[in-house]
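[1] Predicted model and sequence below, questions to follow.
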Protein chains: 2
Amino acid sequence: MSGTDQTDVPARRPTRQRSAVLAALEERDGFCSAQDLHAQLRARGDAVGLATVYRALQALVEDAQVDVLRGGDGEAVYRRCSTVHHHHLVCRSCGRTVEVADAPVERWAARVAAEHGFAEVEHQVEVFGICADCATAR
Amino acid sequence: MSGTDQTDVPARRPTRQRSAVLAALEERDGFCSAQDLHAQLRARGDAVGLATVYRALQALVEDAQVDVLRGGDGEAVYRRCSTVHHHHLVCRSCGRTVEVADAPVERWAARVAAEHGFAEVEHQVEVFGICADCATAR
DNA sequence: CTTTGTGCAAAGGCTTTGCATGCTT
DNA sequence: AAGCATGCAAAGCCTTTGCACAAAG
């Protein structure tokens, strides 16, 4: 049906709000919730409705430009996809996050999935702990 | 302060509801949401209030008898802690879960955390994919 | 001009909390 | 008898959805 089309995804229409959300997400360069982004945008002067933030984030997730993940309290947190796949080490106390390379985990996940005949594998790995600063501050 | 006490946790009072929740959780032997447990208990004839299920689960989590984890839709899922730590391989299509040993991941998480000075490490790993049955059924 | 995106407000689902009552200690 | 646990219902929070209007193609 779609003869010469190169993509299957319906064309997204570039708008001020859409790019504002993506820009805000890149500034943060880490995890942030939809509500955080909304507050950040309003503070900056970019008026964007909360529902629009959610819709923009959903679109970005579908287009694989943004990853979504559930925080410990059930709030969804989003992060700009980086070209290289990696995971996060999150401090339970101060919230600081460190990106960690994951070649071993990547291989482990692929192997385990293959052993059980699973395809289209994705994995979700987050490591939580108390960072050195917070540990000494106790 | 607590002289001869062996534990710091306030004593839990054993009740019919409390044990019913734990029993239901053990029967399932996998993930289930609070709402699932509540439905299961009512179906079985054990009348337990939904709020009580939530409170019992919170207590069990605090006492480290149960692990909690957020599902993709934000619903919290609980599982009885097993003596051996393991993770799950979940089929996105039929929901079947396979327990997988995780020695390599365990070591990886510990090493990565140590390299960055993190203490009291916990990790959360779930692998998602399409199982063989669902793949051939397509 | 047609289609898609936006804003506002209402609805929806899961979870937590307040308060009176019952059960455990 | 004192105190935690329970039940019910109401409130809370994050997120999604309906509808009219504005903007993009």
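    Perfect, thanks for sending it. Here the structure is a predicted model, which is why all the values come from computation and not from measurement.

[2] Give me the angle between the lengthiest strand in chain A and strand B:119-130.
    Identified as the longest strand of chain A according to DSSP state E is strand A:119-130. Orientation check (axes from the mean of the first three to the mean of the last three C-alpha atoms, to 10 degrees): strand A:119-130 against strand B:119-130 gives 170 degrees.

[3] Now strand A:119-130: buried residues?
    For strand A:119-130, the neighbour count (16 or more other C-beta atoms under 10 Å in any protein chain shown) marks A:Val121, A:His123, A:Gln124, A:Val125, A:Glu126, A:Val127, A:Phe128, A:Gly129, A:Ile130 as buried. In this view, the C-beta of every residue, glycine as well, is placed from N, C-alpha and C.

[4] Redo the residues you listed as JSON lines? Include distance to DNA strand C and pLDDT.
    Output for those, formatted as JSON lines (distance: C-beta to the nearest atom of the strand, whole Å; pLDDT from 0 to 100):
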{"residue": "A:Val121", "distance to DNA strand C": "26", "pLDDT": "82"}
{"residue": "A:His123", "distance to DNA strand C": "22", "pLDDT": "81"}
{"residue": "A:Gln124", "distance to DNA strand C": "17", "pLDDT": "76"}
{"residue": "A:Val125", "distance to DNA strand C": "21", "pLDDT": "80"}
{"residue": "A:Glu126", "distance to DNA strand C": "18", "pLDDT": "78"}
{"residue": "A:Val127", "distance to DNA strand C": "23", "pLDDT": "83"}
{"residue": "A:Phe128", "distance to DNA strand C": "17", "pLDDT": "78"}
{"residue": "A:Gly129", "distance to DNA strand C": "22", "pLDDT": "80"}
{"residue": "A:Ile130", "distance to DNA strand C": "22", "pLDDT": "81"}
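
[5] got CSV for these, with distance to B:His88 too?
    Formatted as CSV, the buried residues of strand A:119-130 follow (distance: C-beta to C-beta, whole Å):
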residue, distance to B:His88
A:Val121, 13
A:His123, 11
A:Gln124, 11
A:Val125, 13
A:Glu126, 15
A:Val127, 17
A:Phe128, 18
A:Gly129, 21
A:Ile130, 26
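
[6] for those, which one is nearest B:Val68?
    Of all the buried residues of strand A:119-130, A:Phe128 has the smallest distance to B:Val68: 12.7 Å, by C-beta to C-beta.

[7] sorry, back to before: which one of the buried residues of strand A:119-130 is nearest A:Val100?
    A:Val127 (7.5 Å).

[8] what about the helices in chain A?
    Per DSSP state H, chain A carries helices over the ranges A:16-28, A:34-44, A:50-62, A:103-115, A:132-136.

[9] what's the spacing between the third one and its chain's center?
    Between the mean C-alpha location of helix A:50-62 and the chain-wide mean there is a distance of 12 Å, by C-alpha atoms, centre = their mean, to the nearest Å.

[10] Surely A:Arg96 and A:Gly129 touch.
    No - counting by C-beta atoms under 8 Å, A:Gly129 is not a contact partner of A:Arg96; they are 10.5 Å apart.

[11] Which neighbours do these two have in common?
    Both A:Arg96 and A:Gly129 are in contact with A:Val90, where contact means C-beta atoms under 8 Å, 6 or more residues apart in numbering or on different chains.

[12] The worst-scoring helix or strand of chain A on mean pLDDT packs against which elements?
    Among the helices and strands of chain A, strand A:87-91 carries the lowest confidence by mean pLDDT, DSSP states H and E, at a mean of 78. Contacts defined by 3 or more C-beta pairs under 8 Å, 6 or more residues apart in numbering or on different chains; DSSP states H and E place strand A:87-91 against strand A:97-100, strand A:119-130.

[13] Wondering if the longest one reaches chain B at all.
    Think strand A:119-130. Yes - looking at strand A:119-130 against chain B by C-beta under 8 Å from any C-beta of the partner chain, the contacts come from A:Ala119, A:Glu120, A:Val121, A:Glu122, A:His123, A:Gln124, A:Val125, A:Glu126, A:Val127, A:Phe128, A:Gly129, A:Ile130.
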